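>>> Sequence plus predicted model, see below.
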Amino acid sequence: MMIRQAAKKALGITSRQSTPCSVGIFRSYHENVIDHYDNPRNVGSFDKNDPTVGTGLVGAPACGDVMKLQIKVDEKTGQIVDARFKTFGCGSAIASSSVATEWVKGKAMEEVLTIKNTEIAKHLSLPPVKLHCSMLAEDAIKAAVKDYKEKRVKTNGA
Amino acid sequence: MNRARKLVASISTLSTRRRTYSPSSSTFRTISIINSQTHHSSRRESFQPSSSAKPLCLRFSGREFSSGSSDTTSSSVCWNCGSSSEKAAFLFCDSCRSIQPIDDSVDYFQIFDLEKKYELDAGSLEGKYKDWQKKLHPDLVHNKSQKERDYAADQSAKVTEAYRTLTKRLSRAMYIMKLNGKNVNEEETITDPTLLMEIMELRETISEANDSKELDQIRSQVQEKLKQWSDSFVEAFESHRFDEAVKCIQRMTYYERACEEIVKKL
């Protein structure tokens, strides 16, 4: 994706800049963030209409970010077997959703609902101004689980 | 020597009195008076405490000394020459050509002499901006005092910020909401599926588009949408439907981001 390439270039520059100024605060992306950027895991989509798929679509209007997180659930065990994400936004938002897809895999739905944005933020060393990106990821997980459950109710009810 | 001592004595009496009006900056004012005294001995008589009891007659800077009220209806006084101005945005004294300190109560619309509404004439805004910079730009004050150079830096920056905010439709909309006490930029997550799906598809189309013709086409479509929602914003805002206005601004933010992506790709 061109967006990623362009952003990669931008990130590349920030991470390799040396900081001569001792007084100013130099903020760069944490290496975990850059890692998720250079080696994105789980980018993509599942079929929305697949009954084993839950789709969480959330947005942060303040910065114009939009995040889609999808989970594939094993119907028998209730465990999340796979996850995909697609995020349009800043590097922190993309990395947050990428981390989220990694963390939900292999876990039970109830367990992933306990994933907190602060854990994601800590893992990526997000600065305060980017904390809302991790919040967005947490909301995306919850939305995906909610969507799956609602679909189940519908199919069971029908 | 005696005269000077008398002067200092009278000034310190004045500054004691002054403290009831503006405790934090009385020292500053005393110094400025002494300085101006040494240079303008002819004006000494105005500083005799017996001649007047009203603080307004004395050449202290700023609005703190005007008769008690701190609202924008009180006139501003130049710190350098003392001439007063009725203007709401007193950035620059036309009499002595000194730059004035920042007044936080002056909003961006006042700086450009505009009504506090969403629609404005972009051409005249640019003209006024350039006029201000001709007077306030820090490059013009090299030979002036450090204080005035600081004022120039602050005022020039504020005017630039004001111009930038008011030129772009989206930032103007957010600013006007802010002036009305509605802060739009809260970090809340939205889950409106229709809006988000539309934006998702839009961004996907942009990232998949490869030639500039296609991108230009998408861009004009998005600009169209921006205009549409900008009009909806005006309507909602003027009817005081502020929640709706916020939604319009949210949409506009998404469209603006999409435009930025297109520009980056082009």
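That came through, no problem.
>>> residues near the residue nearest to B:Glu256 when sequence neighbours are not counted, how many?
Computed as Cβ to Cβ, 6 or more residues apart in numbering or on different chains, the closest residue to B:Glu256 that is not its neighbour in sequence is B:Leu170, at 5.4 Å. Any C-beta I mention is one placed from the backbone N, CA and C, and that applies to glycine too. Residues lying near B:Leu170 (other Cβ atoms under 10 Å in any protein chain shown) number 20.
>>> ok so B:Leu170 is a helix residue?
Yes. The assignment for B:Leu170, made by DSSP: H, G, I helix; E, B strand; the rest coil, places it in a helix.
>>> can you list the weak-confidence ranges in the stretch 51-200 of chain B?
The stretch 51-200 of chain B contains residues with pLDDT under 70 at B:51-75.
>>> got the residues of it near chain A?
The interface of the stretch 51-200 of chain B toward chain A, taken as Cβ under 8 Å from any Cβ of the partner chain, is made up of B:184-193, B:195-197, B:199-200.
>>> Out of these, grab the one that's most surrounded.
The most crowded member of those, judged by other Cβ under 10 Å, is B:Ile199 (23 neighbours).
>>> which strands and helices sit next to the host helix or strand of it?
Secondary-structure assignment from DSSP states H and E places B:Ile199 in helix B:193-208. When contacts are defined as 3 or more Cβ pairs under 8 Å, 6 or more residues apart in numbering or on different chains; DSSP states H and E, helix B:193-208 sits against strand A:53-60, strand A:65-73, strand A:80-88, helix B:212-238, helix B:242-265.
>>> of all the ones you listed, which lies closest to A:Asn32?
Between A:Asn32 and these, the tightest spacing by Cβ to Cβ is seen for strand A:80-88, at 15.9 Å.
>>> what element comes up after the helix or strand of chain A with the lowest mean pLDDT heading to the C-terminus?
Sorting the helices and strands of chain A by mean pLDDT, DSSP states H and E puts helix A:2-16 at the bottom, at a mean of 51. As assigned by DSSP H and E, the chain's next helix or strand after helix A:2-16 is helix A:31-38.
>>> quick one on the thing from earlier: tabulate the helices and strands packed on helix B:193-208 (CSV), appending mean neighbour count.
As requested, those are exported to CSV (neighbours: other Cβ atoms under 10 Å in any protein chain shown):
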stretch, mean neighbour count
strand A:53-60, 24
strand A:65-73, 26
strand A:80-88, 23
helix B:212-238, 16
helix B:242-265, 19
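>>> Could you find the closest non-adjacent residue to B:Ala88?
Of all residues not flanking B:Ala88 in the chain, B:Gln110 sits nearest, at 4.5 Å (Cβ to Cβ, 6+ apart).
>>> do B:Phe112 as well
Excluding the flanking residues, the one nearest B:Phe112 by Cβ to Cβ, 6+ apart is B:Lys128, at 4.8 Å.
>>> The host helix or strand of the one you found: how far from the chain's middle?
Element membership for B:Lys128 (DSSP H and E) is helix B:122-136. Averaging C-alpha positions (Cα atoms, centre = their mean, to the nearest Å) puts helix B:122-136 13 Å from its chain's average.
>>> can you list contacts of that helix?
By Cβ atoms under 8 Å, 6 or more residues apart in numbering or on different chains, the surrounding residues in contact with helix B:122-136 are B:91-92, B:97, B:99, B:111-114, B:140, B:152, B:155-156, B:159-160, B:163, B:166-167.
>>> Only the buried residues of it, if you could.
Of the residues in helix B:122-136, B:Leu125, B:Lys128, B:Tyr129, B:Trp132, B:Gln133, B:Lys135, B:Leu136 count as buried by neighbour count, 16 or more other Cβ atoms under 10 Å in any protein chain shown.
>>> of all those residues, which comes closest to A:Val53?
Lowest distance from A:Val53 to the buried residues of helix B:122-136 (Cβ to Cβ) belongs to B:Leu125, with 50.6 Å.
>>> list the contacts for the spatially most central residue of chain A?
Centroid-nearest residue in chain A, with Cα atoms, centre = their mean: A:Ser97, separated by 0.7 Å. Counting by Cβ under 8 Å, 6+ apart, A:Ser97 makes contact with A:Met67, A:Leu69, A:Phe85, A:Thr87, A:Leu136, A:Ala137, A:Ala140.
>>> Next, the angle strand A:80-88 makes with the one helix or strand it maps to.
Using DSSP H and E, the element containing A:Ser97 is helix A:91-104. Calculated by axes from the mean of the first three to the mean of the last three Cα atoms, to 10 degrees, helix A:91-104 forms an angle of 170 degrees with strand A:80-88.
>>> Buried residues of helix A:91-104, list them for me.
Burial within helix A:91-104, assessed by neighbour count using 16+ other Cβ under 10 Å, is assigned to A:91-101, A:103-104.
>>> can you list those in a markdown table and add pLDDT?
Shown next, in a markdown table, are the buried residues of helix A:91-104 (pLDDT from 0 to 100):
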| residue | pLDDT |
| --- | --- |
| A:Gly91 | 87 |
| A:Ser92 | 90 |
| A:Ala93 | 92 |
| A:Ile94 | 92 |
| A:Ala95 | 91 |
| A:Ser96 | 93 |
| A:Ser97 | 93 |
| A:Ser98 | 92 |
| A:Val99 | 92 |
| A:Ala100 | 94 |
| A:Thr101 | 94 |
| A:Trp103 | 95 |
| A:Val104 | 95 |
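>>> thinking again about what came up before, quick check, the residue nearest to B:Ala88 in contact with B:Phe90.
No. Counting by Cβ atoms under 8 Å, B:Gln110 sits too far from B:Phe90 to count as a contact (9.8 Å).
>>> returning to that earlier point: roughly how far apart are the residue nearest to B:Phe112 and B:Ser212?
Distance, B:Lys128 to B:Ser212, by Cβ to Cβ, to the nearest Å: 36 Å.
>>> now swap in B:Thr165 and tell me
Look at B:Thr165 and B:Ser212: by Cβ to Cβ, they are 30 Å apart.
>>> Then B:Phe233?
Remark: distance between B:Phe233 and B:Ser212 (Cβ to Cβ) = 30 Å.
>>> touching chain B at all, the helix ranked longest in chain A?
Using DSSP state H to define each element, chain A has its longest helix at helix A:131-157. Yes. Remark: helix A:131-157 sits within contact range of chain B at A:His132, A:Met135, A:Leu136, A:Asp139, A:Ala143, by Cβ under 8 Å from any Cβ.
>>> now the helix holding B:Ile199 and strand A:65-73, what's the angle there?
Using the same axes, to 10 degrees: helix B:193-208 against strand A:65-73 is 100 degrees.
>>> can I get the CA coordinates of helix B:193-208 in CSV?
Provided in CSV are the C-alpha atoms of helix B:193-208 (Å, rounded to 0.1, in the frame of the first residue of the first chain):
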residue,chain,number,x,y,z
PRO,B,193,-21.2,2.0,10.5
THR,B,194,-22.5,4.0,7.5
LEU,B,195,-19.9,6.7,7.9
LEU,B,196,-17.1,4.4,8.7
MET,B,197,-17.8,2.1,5.9
GLU,B,198,-17.9,5.0,3.5
ILE,B,199,-14.6,6.3,4.7
MET,B,200,-13.0,2.9,4.7
GLU,B,201,-14.1,2.3,1.1
LEU,B,202,-12.9,5.8,0.1
ARG,B,203,-9.5,5.3,1.7
GLU,B,204,-9.2,1.9,0.1
THR,B,205,-10.0,3.3,-3.3
ILE,B,206,-7.4,6.0,-2.8
SER,B,207,-4.7,3.5,-1.9
GLU,B,208,-5.5,1.3,-4.8
